[in-house]
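Provide a 3D model corresponding to the input given below.
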Amino acid sequence: MLFVYSAAIRNILTQKIMKIMDGLTLAPANVFKPLALSVLVLGLSACGGSGGGSTSAVSAQQSQTTASGQSPASNSGSSSSSGSQTGSADNVTTAASETIDETSKDVVGVQEEAVDTRTQTTAAGGKPKITMTAPADGAVVNNKAQFAIKATAWDNDGAVDRVTFFVNNQRVGSDYSQPFTFTYKNAVPGRYKVYAMAHDDKDLSSKSSVHWVTVKDESDGKPTVSITSPGDVSDFVVGKTIQITAAATDSDGSIKKVEFFSNGEKLGSDANKPYQLAWADAEVGSHDIHVVATDNQGLTAQSDTHRVAVNEASGSGKLVTYPASDVITQKFKSNRFGVKVTQNGATKNSFVYEEDNSSKHSWAGNYGYMQEANHWTTFSFSGAVNVEASRLDGKKISSCVIRPKALKINPTIAGNKCSFRLNKPVKVSVEIDETSKITQHIDKMGQITKKIVKHPLFVFADAMEQDIPKAGDKNVVYFKPGIHEIGKQYQIPNNTTVYIAGGAYVIGSFTTKNKNPSNVTIRGRGILSGGGLGEGKSEKVGWKNHAVDFSKGRKGKGLVVEGITITDPLRSCILSYSQVDVKNTKLFSWRHRNDGIVAGNGSLIENNFLKVQDDNIKLYYGNQTVRNNVIWQQTSGAVFKFAWDLKGVSKNIKVSNIDIIHSDVFFDYAKGETDRPELNSTSAVFSAMGFGKNAAFRDNSFQNIRIEEENLLRLMALRMVSTHHTSAGKSTWGNPNTSASKTIENITIDNLSLAGVPYKQSTFYGNKGGAIKKIAFSNLRVDGQLIANNNQLTSRLDGVGLKTVGNVSNISISP
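Residues are numbered from 1 along each chain as shown. The predicted model follows:
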């Protein structure tokens with residue numbers, strides 16, 4: 001009787017301790033739990049009488065653990081359910097012997113017997129039920145030596161508190177909500193004993209059946225494959241068939257098929273030697289080709305990538321540059337860089353503009369962490385061209401970086417020249433000899449160091465223009481090359497095209513003459529500048545003098561802005577409350593409140609370059625498509641602003657293929673707002689700053705976003721109320737406890753990559769009437785690491801990578 005009593009008490013306490021340990025964050029679980037259990041068991045064994053046999057079993061298991069709490073073979077795991085406790089493995093296992101007795105009792109078995117005795121005497125409703133749903137018994141795993149453990153559990157007279165997962169008799173993790181799942185990673189080849197235990201709210205438990213899993217060594221038996229032709233870095237003329245040939249072998253079987261890919265898209269496959277594909281319709285441009293071989297066991301291997309360029313036939317390509325007038329040359333010519341473009345043996349100069357930093361406020365110039373000037377050139381072409389950028393001071397170039405890095409443009413440096421080849425229209429930042437680093441103290445927790453590019457050179461290589469209007473055409477306002485001063489708010493009537501030719505420099509801003517404007521287009525390859533325009537005091541506090549202003553009404557139609565460069569505007573670059581197509585624009589600004597693009601419901605924002613001094617793209621209206629844009633985040637404002645006291649519902653927005661090449665943000669809050677610093681964070685990449693009653697940002701998706709900034713301050717900052725500060729440093733906009741129906745909901749973020757770990761944590765703040773819920777990340781990579789769950793998110797200064805406060809739920813991260 002004493003044995004039964006001691007075993008029961010000991011195991012009840014053991015389960016209690018394990019549950020408490022799951023919630024502790026004082027020390028790593030793999031260190032604290034084994035030590036705590038050892039102390040518990042040793043203490044009980046001193047008074048447990050004949051129960052010592054059970055104690056020996058526990059002690060024997062703990063003795064397998066090293067001083068760090070890990071067993072000899074390292075493993076990590078993750079629990080996929082949102083809100084669950086950490087699913088990382090505490091006691092790491094090795095593959096089980098083929099001769100393991102499946103009926104032998106381990107520590108879990110002893111605990112289960114004790115609980116059985118207690119159940120018979122104290123519980124009327126019975127234990128919880130549990131069934132293993134994955135992996136299948138007898139499964140063979142080839143997927144990078146990892147497998148998902150899944151279980152279904154229920155309790156007829158209560159609730160399931162948690163499900164604990166075991167591999168080779170060692171606890172590897174727990175999950176506290178349906179679906180009960182754990183991913184066991186980094187398993188070495190061998191055979192594994194897998195089961196789970198369900199624990200209910202009365203501390204009763206049940207064990208599932210045992211499933212056996214075999215992890216197969218993928219390195220044994222994987223095929224080998226390589227591209228034999230064409231060679232890496234090959235050139236072809238458009239219209240010519242490209243013969244792709246591959247060699248593939250398999251040491252322990254046969255090749256089932258070889259598949260051929262270009263830029264990630266499948267071209268076709270071949271199941272017979274010699275493995276080849278005739279590619280007859282390759283388009284002009286750069287193509288990264290690779291092949292994938294699959295053997296008869298389903299194992300695959302991928303070849304190295306070969307890059308081929310498909311060019312127009314000799315003499316068939318076109319190149320247009322835009323020379324500057326003498327006056328423009330005197331006022332705006334870059335004193336630092338020159339650019340030449342060569343096609344079919346003919347070389348042309350491409351005029352390089354320079355605009356000094358006009359910002360003198362404390363957000364930028366006084367701290368010295370903005371650019372000193374922007375330099376840029378624009379040309380249009382088809383086919384392929386060679387671009388040569390040179391230092392005009394004659395100094396030798398030591399480094400040249402071209403962004404976005406995803407374009408994989410590799411320059412050649414010779415003396416004071418940096419050269420590269422283009423096979424398609426692009427917008428790139430050419431960063432020559434940029435080595436500046438700036439360190440700022442950002443708060444009491446520490447400081448941030450960033451590389452700040454002082455003199456970027458932007459090359460805007462556009463596609464050839466189509467249907468160019470002529471001066472004198474009906475309903476066309478034509479600005480020819482040269483300088484034009486039109487003043488502020490030049491009015492455009494309906495059914496009008498404004499054409500700014502390459503080489504034209506228009507000083508002023510545009511608005512529409514009519515409310516709910518119709519069929520208004522502003523296009524060209526020229527420049528619209530706000531430089532030199534003044535504002536009165538009332539204008540500065542107002543919301544007007546936008547470079548392109550389509551804000552009169554919300555029912556406009558047929559609105560287009562295409563091709564032009566906007567620089568140094570008084571207010572936003574492009575503002576429209578109606579549907580508008582914004583395509584191929586280049587947007588620069590230096591001043592606070594210089595937003596990039598605000599577009600109405602149903603708008604298209606495509607193939608643009610943005611480098612502005614406030615929010616880059618405001619997503620305040622629904623049904624927008626935002627794709628293929630390059631963004632340089634300066635020192636103030638978000639890349640994507642979800643809300644600032646949003647009044648309506650912004651939904652069904654699709655954002656994709658975005659390159660964020662820099663983020664110069666050191667501070668993301670107003671310094672004077674000291675009473676509520678946790679509600680600041682206005683300049684994260686993704687930011688929301690307050691919602692009105694019944695407002696929502698929901699059902700929106702973000703896909704294929706690449707952040708190249710290695711020293712990012714903060715990724716996300718979402719809050720349901722907005723704040724501002726007075727001279728006394730008191731918040732005046734919004735109470736976090738205000739009750740109103742508002743949500744950020746059902747947001748998917750897929751294939752997001754960060755070049756480095758952010759300095760500050762992401763923050764989600766809900767309140768009484770404002771909920772943040774159902775935000776799902778998938779394929780999130782930080783500093784090259786795939787993030788499998790919420791617990792793997794970190795920040796340099798805060799430690800934890802994501803902080804949630806208030807009404808926040810269902811935030812999930814999955815591979």
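
Where does residue 165 sit, in terms of helix or strand?
Using DSSP states H and E, the element containing residue 165 is strand 160-167.

Please enumerate residues in contact with that strand?
For strand 160-167, contacts defined as CB atoms under 8 Å, 6 or more residues apart in numbering pick out 18-19, 22, 89, 93, 108, 128, 130, 149, 151, 153-154, 171-176, 180, 182, 184, 192-201. (Glycine included, C-beta is placed from N, CA and C.)

Which of those residues fall in strands?
Cross-referencing the contacts of strand 160-167 against strands under DSSP state E gives 130, 149, 151, 153-154, 171-175, 180, 182, 184, 192-200.

In terms of helix, strand or coil, where does the residue nearest to residue 243 when sequence neighbours are not counted fall?
Nearest-residue entry for residue 243: residue 278, 5.8 Å, with adjacent residues in sequence omitted and distances by CB to CB, 6 or more residues apart in numbering. Under DSSP: H, G, I helix; E, B strand; the rest coil, the three-state class of residue 278 is strand.

burial of residue 278, as a residue count?
Using other CB atoms under 10 Å, residue 278 has 10 neighbouring residues.

Find me the pLDDT at it, would you?
For residue 278, the pLDDT comes out at 95.

mind checking how far residue 222 is from residue 300?
Distance from residue 222 to residue 300, counting by CB to CB, to the nearest Å: 8 Å.

typo on my end, it should be residue 513
Residue 513 is 62 Å from residue 300, by CB to CB.

same check, this time on residue 649
45 Å.

Would you indicate which residues of the strand holding residue 165 are buried?
160, 161, 162, 163, 164, 165, 166, 167 (16 or more other CB atoms under 10 Å).

how's the chain carved up into domains?
2-215, 224-311, 318-458, 638-815 (automatic domain parsing).

How about residues contacting stretch 619-629?
Contacts of stretch 619-629 with the rest of the structure, by CB under 8 Å, 6+ apart, involve 577, 598-610, 617, 640-643, 646, 648-659, 697, 700.

Buried among those? Need that as a selection in PyMOL.
To isolate the buried ones among the contacts of stretch 619-629 in PyMOL, judged by 16+ other CB under 10 Å, type:
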select buried, resi 577+598+599+600+601+602+603+604+605+606+607+608+609+610+617+640+641+642+643+646+648+649+650+651+653+655+656+657+658+659+697+700
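
Who has more neighbours out of residue 513 and residue 300?
Just comparing residue 513 and residue 300: by other CB under 10 Å the higher neighbour count belongs to residue 300, 17 against 13.

That one and residue 291 touch, don't they?
No: if you go by CB atoms under 8 Å, residue 300 and residue 291 don't touch, sitting 10.6 Å apart.

quick one, helices of the protein?
Using DSSP state H, the helices of the chain run over 2-23, 29-45, 52-62, 107-122, 326-332, 537-541.

Give me the mean pLDDT for the first one.
What it means is helix 2-23. 46.

so who does the residue lying closest to residue 420 once chain neighbours are set aside touch?
Among residues not flanking residue 420 along the chain, residue 411 sits closest, at 4.4 Å (CB to CB, 6+ apart). By CB under 8 Å, 6+ apart, residue 411 lies in contact with 400, 402, 418, 419, 420, 430.

Give me the phi and psi angles of residue 345.
phi 80, psi -10 (degrees, to the nearest 10).

Count the neighbours of it for me.
Residue 345 has 7 nearby residues by other CB under 10 Å.

Over to residue 631?
26.

low-confidence ranges in the stretch 201-350 of the chain?
Counting by pLDDT under 70, the stretch 201-350 of the chain contains low-confidence ranges at 217-220, 314-316.

Just the strands from the stretch 201-350 of the chain, written as ranges.
205-207, 211-215, 224-229, 234-237, 242-249, 255-262, 265-270, 275-279, 285-295, 300-302, 306-311, 318-321, 337-343, 346-349 (DSSP state E, counting those that start in this stretch).

Give me the pLDDT for residue 442.
In this prediction, residue 442 carries a pLDDT score of 72.

and residue 165, what are its bridge partners?
Taking DSSP bridges as the rule, residue 165 bridges to residue 173, residue 196.

Give me the distance between it and residue 421.
Relative to residue 421, and taking CB to CB, residue 165 is found at 53 Å.

same question, residue 696
Distance from residue 696 to residue 421, by CB to CB: 47 Å.

again with residue 456
20 Å.

higher neighbour count, the two?
residue 456 (22 against 18).

Find the residue closest to the more buried one in space, skipping its chain neighbours.
Nearest non-adjacent residue to residue 456 (CB to CB, 6+ apart): residue 429, at 5.1 Å.

is it true that the one you found touches residue 661?
Yes: judged on CB under 8 Å, residue 429 makes contact with residue 661 at a distance of 5.8 Å.

which residues do the two both contact?
Residues within reach of residue 429 and of residue 661 at once, by CB under 8 Å, 6+ apart, are 403, 632.

sorry, back to before: for the residue nearest to residue 243, give me its contacts.
Counting by CB under 8 Å, 6+ apart, the residues that residue 278 touches are 241, 242, 243, 244.

Closest to residue 312 out of those residues?
Using CB to CB, residue 242 is the member of the contacts of residue 278 that lies nearest residue 312, at 15.3 Å.

Show me the beta-bridge partners of that closest one.
As for beta bridges, residue 242 partners with residue 279 under DSSP bridges.

and it, how many neighbours?
Neighbourhood size, residue 242 [other CB under 10 Å]: 20.

Same check on residue 773?
Count around residue 773 with other CB under 10 Å applied: 18.

Please apply the same query to residue 545.
20.

Could you report the pLDDT at it?
We note a pLDDT of 89 for residue 545 in this prediction.

quick one: contacts for residue 228?
245, 246, 247.

for the stretch 501-650 of the chain, which spans come out with low pLDDT?
The stretch 501-650 of the chain contains residues with pLDDT under 70 at 541.

let's see 90
Filtered on pLDDT under 90, the stretch 501-650 of the chain yields the residue ranges 531-545, 590-593, 635-637, 644-647.

With the stretch 701-815 of the chain instead?
For the stretch 701-815 of the chain, the stretches with pLDDT under 90 are 719-741, 765-770, 788-792, 797-799, 805-806, 815.

change it to 80
By pLDDT under 80, the low-scoring segments of the stretch 701-815 of the chain are 721-740, 768.

Strands of that one, start to end?
So, for the stretch 701-815 of the chain - with DSSP E, counting those that start in this stretch - the strands run 716-719, 742-754, 762-765, 770-778, 780-782, 785-787, 794-795, 799-800, 802-805, 808-814.

quick one: buried residues of the longest one?
Just to be clear, that refers to strand 742-754. 742, 743, 744, 745, 746, 747, 749, 751, 752, 753, 754.

Can you add distance to residue 666 and give the residues you listed back as JSON lines?
Output for these, formatted as JSON lines (distance: CB to CB, whole Å):
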{"residue": "742", "distance to residue 666": "31"}
{"residue": "743", "distance to residue 666": "32"}
{"residue": "744", "distance to residue 666": "26"}
{"residue": "745", "distance to residue 666": "32"}
{"residue": "746", "distance to residue 666": "33"}
{"residue": "747", "distance to residue 666": "27"}
{"residue": "749", "distance to residue 666": "25"}
{"residue": "751", "distance to residue 666": "28"}
{"residue": "752", "distance to residue 666": "22"}
{"residue": "753", "distance to residue 666": "22"}
{"residue": "754", "distance to residue 666": "17"}
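
Now the two most distant members of those residues.
Taking CB to CB as the measure, the buried residues of strand 742-754 have their most distant pair in 742 and 753, spaced 30.6 Å apart.

distance of the residue nearest to residue 347 when sequence neighbours are not counted from residue 310?
Counting by CB to CB, 6+ apart, residue 347 lies nearest to residue 340, which is 5.4 Å off, once chain neighbours are set aside. Separation of residue 340 from residue 310 (CB to CB): 24 Å.
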